[in-house]
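1. fold the following and give me the result.
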Amino acid sequence: MIRDLLVDREMRLGLSFHIHVLVASAFLTCKFESSAEFSSFVSICKDLDSGIFRAISHSPEYPTILDRLKNNNETFLDLGCCFGQEIRRLVYDGAPQSHLYGADLRLEFFDLGYKLFRDASTLKAKFLAADIFDPTSPLAELERKVDIIYAGSFLHLFNYEQQIVVCKRIVNLLRENKGSVVLGRQSGNVEAGERFHRTNHTQSVFRHNEESFKKMWMEVGEATGTKWRVDVEMFEVERKSGTDGRAIRFSVWRE
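-> Sure, this is the predicted structure:
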């Protein structure tokens, strides 16, 4: 038994070293546009190092999402997919790979993801290097073709006006079917409002509470002529500074 524990420990140390090497490579390769983007990247890396490859599977809707992907031939898109760890979780749980897409602004993340998971020759999901604000980006090929969008640690990178633009783009990507959904989780705040970047005070990011998030989707619905049911909840997370920091978990369903 002791030998088995030692072998398990060695495997974990080897995995941790492998992850740290890839994270260091990503840090040296990528020039982060903002502190918010860097913070999201660091959070993802911490999850990887602790073995938590399952942010999407923590969602209450995950069993429904997985069932739809496995049995209804539906299409899934991870916006801001980074290394593609959420896609790998879906694949591990049996989702058809050919219906899975990941999009990120940084092409280098995809190569690092293949190196991290060592599956370049086997993973059949498709990754798109695309700017969500560019209507001519490769995301255009998926307009009206996606059933499920995951936007984890994504919307909170932008200010309120930019989030409205992103949500309108999400509406354009989703099929015009009842039940099309975008879900995710992100940083929030008890008092909703704009927050300055720590390192770039010329830009801001908007932190939602439940009320402001629902209000935003009402605006999006009115602007796009669509109706949405918004399920959102706020929960406490550890914060190094301040007492009002929270996270929100959401799912937004087309009606």
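
2. any idea how far Gly113 lies from Val91?
-> For Gly113, the distance to Val91 (Cβ to Cβ, to the nearest Å) stands at 12 Å. C-beta coordinates here come from the backbone N, C-alpha and C atoms, glycine included.

3. just His208 next, same as before
-> Using Cβ to Cβ, we find His208 at a distance of 31 Å from Val91.

4. which residues in this structure form helices?
-> Remark: helices assigned in the chain by DSSP state H are 2-29, 35-49, 62-71, 85-92, 107-117, 160-173, 210-224.

5. residue ranges with poor pLDDT in the stretch 51-200 of the chain?
-> Along the stretch 51-200 of the chain, the model assigns pLDDT under 70 to residues 51-54, 197-200.

6. show me which of Gly113 and Val91 is the more surrounded one.
-> Gly113 (25 against 19; other Cβ atoms under 10 Å).

7. what's the burial count for the closest residue in space to the more buried one that isn't next to it in sequence?
-> Of all residues not flanking Gly113 in the chain, Phe83 sits nearest, at 3.7 Å (Cβ to Cβ, 6 or more residues apart in numbering). By other Cβ under 10 Å, 27 other residues sit near Phe83.

8. with Met234 instead?
-> Met234: 18 surrounding residues under other Cβ under 10 Å.

9. local confidence estimate at it?
-> On the pLDDT scale, Met234 is placed at 93.

10. can you tell me who it pairs with across the strands?
-> For Met234, the beta-bridge partners under DSSP bridges are Ile248.

11. how near is it to Tyr160?
-> Computed as Cβ to Cβ, the Met234 to Tyr160 distance reads 17 Å.

12. now Phe235
-> Relative to Tyr160, and taking Cβ to Cβ, Phe235 is found at 22 Å.

13. then Leu128?
-> Taken as Cβ to Cβ, the span from Leu128 to Tyr160 is 26 Å.

14. got a list of what the nearest residue to Phe110 once chain neighbours are set aside touches?
-> When the adjacent residues along the chain are set aside, Phe110 lies closest to Phe127, with 4.4 Å between them (Cβ to Cβ, 6+ apart). Going by Cβ atoms under 8 Å, 6 or more residues apart in numbering, Phe127 touches Cys81, Gly84, Tyr101, Gly102, Ala103, Asp104, Phe110, Gly113.
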